[in-house]
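Participant: show me how the following folds:
(chains A and B)
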Amino acid sequence: MNDIVIRAEKLSKKYVIGHQKPGGYTALRDVAAGAARNLARSVRDIARGRPIVAGDEIEDFWALRDVDFEIRRGDTVAIVGRNGAGKSTLLKILSRITEPSAGCVVLNGRAASLLEVGTGFHPELTGRENIYLNGAILGMSRAEIRCKFDEIVDFAGVEKFLDTPVKRYSSGMYVRLAFSVAAHLEPEILIVDEVLAVGDAEFQKKCLGKMSDVAGSGRTVLFVSHNLAAAAALCKRGFLLADGRLVASGDIASIISRYAQGGEQQARLEFRPRADAPSMASITIDSAALAQGDLIVDIAYTAPFPIAAIGGIALQTSAGARAYTSNCWMHEYDNPLEAQAGVLRCAIHGLPIIPDRYQLSVWLCDRHVVYETKVDCMTVEFPDAHMRQHLRGAIETGCIDWPARWQGRTVDVAAAAHE
Amino acid sequence: MTQDAIILAPGRADRHYWRDLWRYRELFFILAWRDIAVRYKQTIIGLAWAFVRPFLTMVVFTIVFGRLANLPSEGGAPYPVLVFAGMLPWFLFSSILSEASNSLIGNASLISKVYFPRLIVPIASAATALVDFAVNLFILALVMLWFGYMPGARIILLPFFVLFAVVASLGPALLITALNVKYRDFRYIVPFIVQFGLYVSPVGFSSAIIPERWRLLYSANPVVGVIDGFRWCILGGDTALYPPGFALSLVVAAALLWFGVRYFRATERSFADLV
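Facilitator: Alright, predicted model coming up:
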């Protein structure tokens, strides 16, 4: 019997991106010539039925390149890789949202994807109506939903609010209901992307339990998450993607350790600056300082006009909980920038944070506009200066690590009885 | 299970398209139902909106074309009934056009996250237009009752003309919907077509007043055939259908539908990357 559920051969996906030449326009004549050139190309694109790409130069960008793999029935596979490695593109192809540019995939069996909880929820409709709507969107038949309705409601714990429009739900209830509908899908192949980054700890546990049930019943699960602990708990195999290529595949422990090794070298991220709007050019973390427990982040930006740059950073645990935030308004900001290009340095000394791996998010704005947000773009690992033995990571202990003084006091049993 | 194998490769997306479309029919019904439910939630007078618009348009058109311009009616029907019988398909056409053309953009989050035949979305949004149409039909019945004007036996052919109206609307609607995903300019075209078409099509007047030698050309607008057909079966009496014109309208509508579906299908696979 052929047990291969998903087989990909030389799978590739290309996007066409455009960017503007550096230097910019100076004279009106150049602007007019540039505009005319762009218009001519747009017209040509329309005539050929292609999307319009802005910019002076056009470049092919391979989000996925020659990816080959096989997944057997009952496999649980975690796909790990940095942002932009091609994980989401791969999932989009497998869930048939977009088609590959080259190569092919053979899917044996019904695939359902949980790309984001609450897709297709309509705020005006009630919980009951949304269960049917969302179920249909995820590919369940009405009979199937009706038969699982009570189970879904029970799992989400929203019995009392079934006939309330979901726009009045708390965000927790909303997410629980959405996940609950999705969790009751019964496809042969379940594709899950980042759904566990939401909800409270107890609900997350419930979700993981549900997903391991799915995996246990012999169905195939593909799982993408930044939550490596969840990936390790849930999956037996792993794929490591980098720059659109499948770098390694094997058992999950080896993949995670390989992924983690890659994390330490990358102390600098560079971006292609945009010509039309302020944007970040690079983000650098001082690795030497970090080894001493000090987080020093440099955010370099460029802009087409001088901006009063304001930056912010945030740290998140691998479960997605915000651990720390700082920005130029909250904390001291010396020598405020008012320039077309500059570097914002954020130095945090002796942050009392539980030693663990955190995801760093960075944003760039000014007083009025948020120009750019890079969510979970880098990994920051705070070392433990005291080499303590009993640390269990931020998910379990919380994020604050502040020394407390514990003291023992013996009580005299005889004296106590005497009183 | 092996016979269910799905192969994803460039250009292969449409192998099982029509089968998939059938398989996703429940999604179609539920999306249509959602659009209708949402439309009447949180509105104070709800359905009354569907009454106010056609009623006032009928009054204005009757005064402008019937009284001021003194245009003749058809088959002895009172002028308001003539106007209403023309307005019915026109509103169906224009609301399908506007609902459908925005439907894909409005459901962008769905399209970029879940697979289903995209054709479902614009067609489901056309269902709202059919609900409004049913309301309008009811108003027409009231208006006819008021004037004591009874339709003839031809009224039983009305469903065929409703279908014709839907077909004539879906062709251009699908075309504009698909273009709108790629080039957002097209959303400005719809209000223009709707406004312009109201006067170009024989809504406020009978198409019989068009000079004979221009009449065939005039019927190249498929809405002309639809409106003529509606009047023919609602007004009854000695209302005459202009056969060559009607046939031309049918052909143009069918050609537009064919072209619309073809273009939609050709561009559909890149929607998720563009929307």
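
Participant: the closest residue to chain B within the stretch 101-250 of chain A - nearest residue in space that isn't next to it in sequence?
Facilitator: Of all residues in the stretch 101-250 of chain A, residue A:104 sits closest to chain B, at 3.6 Å by CB to the nearest CB. Glycine gets a C-beta too; all of them are placed from N, C-alpha and C. In space, residue A:104 comes closest to residue B:9 once its chain neighbours are excluded; the distance is 3.6 Å by CB to CB, 6 or more residues apart in numbering or on different chains.

Participant: show me the contacts for residue B:38.
Facilitator: A:122, A:124, A:125 (CB atoms under 8 Å, 6 or more residues apart in numbering or on different chains).

Participant: helix, strand or coil for the second one?
Facilitator: Spelled out, it's residue A:124. Secondary structure for residue A:124, judged by DSSP: H, G, I helix; E, B strand; the rest coil, is coil.

Participant: list phi and psi for it.
Facilitator: When read as degrees, to the nearest 10, the backbone of residue A:124 gives phi -80, psi -20.

Participant: that one reaches residue A:167, doesn't it?
Facilitator: Yes - between residue A:124 and residue A:167 there is a contact under CB atoms under 8 Å: 6.6 Å.

Participant: residue 113 - how many residues pack around it?
Facilitator: Using chain A here. Neighbour count for residue A:113, taken as other CB atoms under 10 Å in any protein chain shown: 26.

Participant: chain B is the one I meant
Facilitator: 19.

Participant: which bits of the stretch 51-200 of chain B sit near chain A?
Facilitator: B:109, B:110, B:111, B:112, B:113, B:114, B:115, B:116, B:182, B:183 (CB under 8 Å from any CB of the partner chain).

Participant: can you tell me which of the residues you listed are in helices?
Facilitator: Here DSSP state H is the test, and those give B:109, B:110, B:111, B:182 as lying in helices.

Participant: center of chain B, which residue is that?
Facilitator: Nearest to the mean C-alpha position of chain B, by CA atoms, centre = their mean, lies residue B:93 at 2.6 Å.

Participant: so that residue is in which element?
Facilitator: Remark: residue B:93 resides in helix B:79-106, with elements defined by DSSP states H and E.

Participant: run the chain-centre distance for that helix.
Facilitator: 5 Å (CA atoms, centre = their mean, to the nearest Å).

Participant: same check on stretch B:160-177?
Facilitator: With CA atoms, centre = their mean, you get 5 Å for stretch B:160-177.

Participant: with stretch B:164-181 instead?
Facilitator: Distance, centroid of stretch B:164-181 to centroid of chain: 9 Å (CA atoms, centre = their mean).

Participant: which ones are touching the residue lying closest to residue A:327 once chain neighbours are set aside?
Facilitator: In this structure, residue A:327 finds its nearest non-sequential neighbour in residue A:312, 3.3 Å apart by CB to CB, 6+ apart. Contact analysis of residue A:312 by CB under 8 Å, 6+ apart lists A:325, A:326, A:327, A:328, A:362, A:363, A:365.

Participant: residue A:238: neighbour count?
Facilitator: Residue A:238: 25 neighbours (other CB under 10 Å).

Participant: which residue, other than its chain neighbours, is closest to it?
Facilitator: Among residues not flanking residue A:238 along the chain, residue A:255 sits closest, at 3.1 Å (CB to CB, 6+ apart).

Participant: more crowded one of residue A:124 and residue A:167?
Facilitator: Comparing residue A:124 with residue A:167 by other CB under 10 Å, the one with more neighbours is residue A:124, at 15 against 12.

Participant: how near is that one to residue B:126?
Facilitator: 20 Å (CB to CB, to the nearest Å).

Participant: since we're on whichever residue of the stretch 101-250 of chain B sits closest to chain A, how many residues are nearby?
Facilitator: For the stretch 101-250 of chain B, the residue closest to chain A is residue B:115, as judged by CB to the nearest CB, at 3.7 Å. Neighbours of residue B:115 under the rule other CB under 10 Å: 20.

Participant: my read: it touches residue A:94, true?
Facilitator: No - contact status for residue B:115 versus residue A:94: not in contact, 9.8 Å apart, counting by CB under 8 Å.

Participant: shared neighbours of those two, anything?
Facilitator: Shared contacts of residue B:115 and residue A:94, counting by CB under 8 Å, 6+ apart, come down to residue A:113.

Participant: poorly predicted segments of the stretch 101-250 of chain A, please.
Facilitator: Scanning the stretch 101-250 of chain A for pLDDT under 70 picks out A:115-118, A:194-204, A:226-227, A:229.

Participant: strands along that one, start to end?
Facilitator: A:102-107, A:111-114, A:189-193, A:220-224, A:237-242, A:245-251 (DSSP state E, counting those that start in this stretch).

Participant: strands paired with the longest one, and their directions?
Facilitator: Looking back up the chat, that one is strand A:245-251. strand A:237-242 (antiparallel) (DSSP bridges).

Participant: please apply the same query to the shortest one.
Facilitator: Looking at strand A:111-114 with DSSP bridges, its partner strands are strand A:189-193 (parallel).

Participant: which residues are contacting the partner strand?
Facilitator: A:5-6, A:87-88, A:91, A:94-95, A:107, A:109-116, A:211, A:214, A:219-225.

Participant: let me see the contact set for the closest residue to residue B:62 other than its chain neighbours.
Facilitator: The shortest distance from residue B:62 to any non-neighbouring residue, by CB to CB, 6+ apart, is to residue B:80 (4.7 Å). By CB under 8 Å, 6+ apart, residue B:80 lies in contact with B:58, B:59, B:62, B:66, B:143, B:147.

Participant: lowest-confidence one in those residues?
Facilitator: The lowest pLDDT within these belongs to residue B:66, which sits at 83.

Participant: and the closest residue in space to that one that isn't next to it in sequence, how many neighbours?
Facilitator: Once flanking residues are discounted, residue B:66 sits nearest to residue B:79: 3.6 Å by CB to CB, 6+ apart. For residue B:79, the count of nearby residues is 23 (other CB under 10 Å).

Participant: does residue B:79 touch residue B:70 like I think?
Facilitator: No - here residue B:79 does not reach residue B:70: they are 9.9 Å apart, not a contact under CB under 8 Å.
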